[in-house]
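K.L.:
okay, structure incoming, though there's no sequence with it:
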């Protein structure tokens, strides 16, 4: 009789241990899946942010090119205006003398 009680307790303990292991394993799998989903969501957000930054960078580069061209034109115009002023100054000096 004592043998059956001992074996019954052992089997019962084994079953409780097995069920506890199974339950904890399921919880671990769910927790890992949730953690993975959060990481993937964050990575997607980072990727979208990088894409936005790249588009903005391209737009800024285009603006910089346009401004560079305009600056070159203004410098050329300024150079021509300076030459004209120098010519006018020379003409005034010659006519004053």
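P.N.:
Done, it's in. This one's a predicted model, so the numbers in the text were calculated from it and none came from an experiment. Numbers count the residues shown, from 1 in each chain.

K.L.:
tell me how far the residue nearest the centre of the chain lies from residue 86.
P.N.:
Centroid-nearest residue in the chain: residue 50, 3.3 Å away (criterion: CA atoms, centre = their mean). For residue 50, the distance to residue 86 (CB to CB, to the nearest Å) stands at 53 Å. Bear in mind the C-beta positions are built from the backbone N, C-alpha and C, glycine included.

K.L.:
got it, and residue 73?
P.N.:
The separation that residue 73 has from residue 86, given CB to CB, amounts to 21 Å.

K.L.:
also residue 65?
P.N.:
32 Å.

K.L.:
and residue 61, by the same measure?
P.N.:
In terms of CB to CB, residue 61 sits 37 Å off from residue 86.

K.L.:
could you do residue 14 as well?
P.N.:
Taking CB to CB, one finds residue 14 at 105 Å from residue 86.

K.L.:
please apply the same query to residue 51.
P.N.:
Taken as CB to CB, the span from residue 51 to residue 86 is 53 Å.

K.L.:
just residue 43 next, same as before
P.N.:
63 Å.

K.L.:
and what of residue 46?
P.N.:
58 Å.

K.L.:
just checking, what packs against the host helix or strand of residue 23?
P.N.:
Using DSSP states H and E, residue 23 sits in helix 2-96. Applying 3 or more CB pairs under 8 Å, 6 or more residues apart in numbering; DSSP states H and E, one finds that helix 2-96 contacts no other helix or strand.
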